[in-house]
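Peer 1: please work out how this folds:
(2 chains)
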2 protein chains.
Amino acid sequence: MTRIACQQLAPRIADLDHNRAQARTAIREAVDAGAQVVVLPELVTSGYVFASKEEAAGVAVTPEHELFGEWSAEAERGGAVVVGGFCEAGPDGTLFNSAALVDRAGVVAVYRKTHLWDREKLVFSPGAQAPVVVDTAVGRIGVVVCYDMEFPEMTRGLALAGCELLAVPTNWPLVPRPDGERAPEVVVGMGTARVNRMAIACCDRAGVERGQEWNSGTSIIDADGWVVAERADAGLLLADVDLEPTRSKRLTEHADLHGDRRPELYGSIVAPRTARAADGD
Amino acid sequence: MTRIACQQLAPRIADLDHNRAQARTAIREAVDAGAQVVVLPELVTSGYVFASKEEAAGVAVTPEHELFGEWSAEAERGGAVVVGGFCEAGPDGTLFNSAALVDRAGVVAVYRKTHLWDREKLVFSPGAQAPVVVDTAVGRIGVVVCYDMEFPEMTRGLALAGCELLAVPTNWPLVPRPDGERAPEVVVGMGTARVNRMAIACCDRAGVERGQEWNSGTSIIDADGWVVAERADAGLLLADVDLEPTRSKRLTEHADLHGDRRPELYGSIVAPRTARAADGD
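Peer 2: Residues are numbered from 1 along each chain as shown, chains lettered A, B, ... in the order given. So this is what the prediction gives:
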């Protein structure tokens, strides 16, 4: 079993010092609780609802920033891996909505969100590289950010590349949902986990930022697609998840979730055939 | 609004006459209730748990079989479209797990299941053609069968091809699920509907066949991914679903579920990068 933690934090908009201290404390708490993987929200260093690109630029950091040394130091105490979102300063004044995977060696991988949600497009540049799967000491971990998870081509690609646990730093703006239902993105995560036999840890954020509320739908989902832990308020969510089932996609003697794919057909689904003419309409 | 019906029937194994009469009655009942689309289970003409390929061959029919004339006659009474599964006799003794889309003009399209589940591979040949989207008098309808829906490449392809309503004849064998959860395939359907902004009607079966129980998870899901009607026992399920939202994938001023895709990246997700070497393990 792998102990996975999500820290549903409430970053403070454009307050790097506050957010840096908050994240370090959160990682420490999770590692102290035995977490081997710690997932933090999207843009945990910066907050989300920027008034302008300039405001975001004021708290943007590079992967060389010393705050990641703090993440690494906390990770090292427990042999853990940390995944969290940050506002990245790129070349020539570009900004990226990025996530870093950090272990005791430091920043192992940076992923720049490739599917920007709505007004993020006014602040950030989209990433130009596909996400990677990192073979860490605690398992093969893929990283995407928020809206990326809603693109099944991307999550499928990660599963085919060997991802055992998909870590998803996220900020899910509050959307309506029927009584008794989970946040819709969690439902998407459950289905994604099941069809790919891949565990998923979605770390959402808490708090209200410039009037924006959040689904606060932090959830840890196992390889069968079931939510094994979830919380709606701020704080630490922990679950022990077995990643072993993710390593084979065989379900029965004759069924294999990846082996049964028909990639030769997927490109040949074409635009509608009309039945109306034959139908006399 | 489009009135959609699913008839969660219990076919009798290898009893074509019984199943034929049962399906006709079920279509009539749905059309009488105002259904514009009627979905029947997978293999509704034949049952599912065949003792042998020979037994299946004994109840296999071609799309020219007069039973489809009955489906068409019932459909015509209400200007409806019927989608249902059947055991198809193909050339040279082959059998297919197929679904027909039928309107008042007769059989408009036949789809042969391309992802065969488990022991179906011992009886049926897999279809060699991708599913089609048919532009019917009541909307653009795509058809897949059961396990097909668990391949996100296929459902995405159908949505990109303009599918507004995905009709899914299914026989979901009973699988364990946590208390309070829906059948896992329904969760997959909800996520699939939401990320594609496409309505989905899954018609499962009822009854116990040769000891096999079923999830009996018949569900009608709207374009936001919410289950608008579901039933666990045998019988008619009806829902009025607005297909208009399926015709645009734009969610906000800057977000579009299809326009935001990054197809140039999806093929470049590669096998794991190792962090272990750098990590000293």
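Peer 1: assign the closest residue to A:Gly47 other than its chain neighbours to helix, strand or coil.
Peer 2: Nearest non-adjacent residue to A:Gly47, counting by C-beta to C-beta, 6 or more residues apart in numbering or on different chains: A:Ile13, 3.5 Å away. Where C-beta positions appear, they are placed from N, C-alpha and C, glycine not excepted. Assigned by DSSP: H, G, I helix; E, B strand; the rest coil, the conformation of A:Ile13 is coil.
Peer 1: surely A:Ile13 meets A:Val208?
Peer 2: No - A:Ile13 lies out of contact with A:Val208 (C-beta atoms under 8 Å); the separation is 10.8 Å.
Peer 1: of these two, who's got more company?
Peer 2: Neighbours per residue (other C-beta atoms under 10 Å in any protein chain shown) separate A:Ile13 from A:Val208, with A:Ile13 holding more: 20 against 11.
Peer 1: the helix or strand harbouring A:Gly69 - contacts with which helices or strands?
Peer 2: Using DSSP states H and E, the element containing A:Gly69 is helix A:66-78. With contacts taken as 3 or more C-beta pairs under 8 Å, 6 or more residues apart in numbering or on different chains; DSSP states H and E, helix A:66-78 sits against helix A:16-32, strand A:81-89, strand A:95-103, strand A:106-112.
Peer 1: next, format the ones you listed as CSV and append mean pLDDT, distance to A:Ala73 and mean neighbour count.
Peer 2: Output for the helices and strands packed on helix A:66-78, formatted as CSV (pLDDT from 0 to 100; distance: least, C-beta to C-beta, whole Å; neighbours: other C-beta atoms under 10 Å in any protein chain shown):
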stretch, mean pLDDT, distance to A:Ala73, mean neighbour count
helix A:16-32, 98, 8, 19
strand A:81-89, 98, 10, 28
strand A:95-103, 98, 10, 27
strand A:106-112, 98, 10, 21
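Peer 1: distance to chain B added to the ones you listed, as CSV?
Peer 2: Converted to CSV, the helices and strands packed on helix A:66-78 look like this (distance: least, C-beta to the nearest C-beta, whole Å):
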stretch, distance to chain B
helix A:16-32, 16
strand A:81-89, 8
strand A:95-103, 6
strand A:106-112, 4
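Peer 1: a markdown table for the ones you listed, including distance to A:Phe124?
Peer 2: Formatted as a markdown table, the helices and strands packed on helix A:66-78 follow (distance: least, C-beta to C-beta, whole Å):
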| stretch | distance to A:Phe124 |
| --- | --- |
| helix A:16-32 | 17 |
| strand A:81-89 | 8 |
| strand A:95-103 | 5 |
| strand A:106-112 | 8 |
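Peer 1: nearest to A:Thr252, out of those?
Peer 2: strand A:81-89 (32.5 Å; C-beta to C-beta).
Peer 1: packing partners of that closest one?
Peer 2: Looks like strand A:81-89 contacts strand A:37-39, helix A:66-78, strand A:95-103, strand A:139-143, strand A:165-169 (3+ C-beta pairs under 8 Å, 6+ apart).
Peer 1: may I have that strand as CSV, with CA atoms only?
Peer 2: Output in CSV follows, covering the C-alpha atoms of strand A:81-89 (Å, rounded to 0.1, in the frame of the first residue of the first chain):
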residue,chain,number,x,y,z
VAL,A,81,7.4,12.6,-3.3
VAL,A,82,5.7,16.0,-3.4
VAL,A,83,3.6,17.3,-6.3
GLY,A,84,2.2,20.8,-6.3
GLY,A,85,1.2,23.6,-8.5
PHE,A,86,3.1,26.9,-8.9
CYS,A,87,3.0,30.0,-11.0
GLU,A,88,6.1,29.6,-13.2
ALA,A,89,8.2,32.5,-14.6
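Peer 1: next, the angle strand A:165-169 makes with it.
Peer 2: Relative orientation of strand A:81-89 versus strand A:165-169 (axes from the mean of the first three to the mean of the last three C-alpha atoms, to 10 degrees): 40 degrees.
Peer 1: can you give me how far strand A:81-89 is from the chain middle?
Peer 2: 11 Å (C-alpha atoms, centre = their mean, to the nearest Å).
Peer 1: and what of stretch A:180-196?
Peer 2: Using C-alpha atoms, centre = their mean, the mean C-alpha position of stretch A:180-196 is found 13 Å from that of the whole chain.
Peer 1: ok, stretch A:143-156 next?
Peer 2: With C-alpha atoms, centre = their mean as the basis, stretch A:143-156 stands 8 Å off its chain's centre.
Peer 1: only alpha carbons, please: show stretch A:145-157 as CSV.
Peer 2: The C-alpha coordinates for stretch A:145-157 follow below in CSV (Å, rounded to 0.1, in the frame of the first residue of the first chain):
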residue,chain,number,x,y,z
VAL,A,145,-3.2,20.1,-13.7
CYS,A,146,-7.0,20.5,-13.2
TYR,A,147,-8.8,20.9,-16.6
ASP,A,148,-6.1,18.6,-18.2
MET,A,149,-7.8,15.6,-16.5
GLU,A,150,-10.9,16.3,-18.6
PHE,A,151,-9.1,15.3,-21.8
PRO,A,152,-9.4,11.5,-22.0
GLU,A,153,-6.7,11.4,-24.7
MET,A,154,-4.2,12.7,-22.2
THR,A,155,-5.1,10.5,-19.3
ARG,A,156,-5.2,7.5,-21.5
GLY,A,157,-1.8,8.4,-22.9
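Peer 1: would you mark the buried spots in that stretch?
Peer 2: Neighbour-count burial for stretch A:145-157, counted by 16 or more other C-beta atoms under 10 Å in any protein chain shown, picks out A:145-157.
Peer 1: start to end distance for stretch A:110-121?
Peer 2: Taking C-alpha to C-alpha, to the nearest Å, stretch A:110-121 runs 19 Å from one end to the other.
Peer 1: in the stretch 101-250 of chain A, which residue sits closest to chain B?
Peer 2: A:Gly191 (3.0 Å; C-beta to the nearest C-beta).
Peer 1: tell me which residues touch that residue, please.
Peer 2: When contacts are counted by C-beta atoms under 8 Å, 6 or more residues apart in numbering or on different chains, A:Gly191 is found next to A:Gly225, B:Val187, B:Val188, B:Gly189, B:Met190, B:Gly191, B:Thr192.
Peer 1: same deal with A:Leu67?
Peer 2: Listed by C-beta under 8 Å, 6+ apart, the contact partners of A:Leu67 are A:Leu16, A:Arg20, A:Ala23, A:Arg24, A:Thr45, A:Val61.
Peer 1: now swap in A:Arg247 and tell me
Peer 2: Counted by C-beta under 8 Å, 6+ apart, A:Arg247 has contacts A:Glu164.
Peer 1: and the gap between the residue nearest to A:Gly47 and A:Val61?
Peer 2: Distance, A:Ile13 to A:Val61, by C-beta to C-beta, to the nearest Å: 15 Å.
Peer 1: likewise for A:Ala201?
Peer 2: Counting by C-beta to C-beta, the gap from A:Ala201 to A:Val61 is 23 Å.
Peer 1: before we move on, back to that, now the helices and strands packed on strand A:81-89 as JSON lines including distance to B:His65?
Peer 2: Shown next, in JSON lines, are those (distance: least, C-beta to C-beta, whole Å):
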{"stretch": "strand A:37-39", "distance to B:His65": "55"}
{"stretch": "helix A:66-78", "distance to B:His65": "65"}
{"stretch": "strand A:95-103", "distance to B:His65": "56"}
{"stretch": "strand A:139-143", "distance to B:His65": "48"}
{"stretch": "strand A:165-169", "distance to B:His65": "46"}
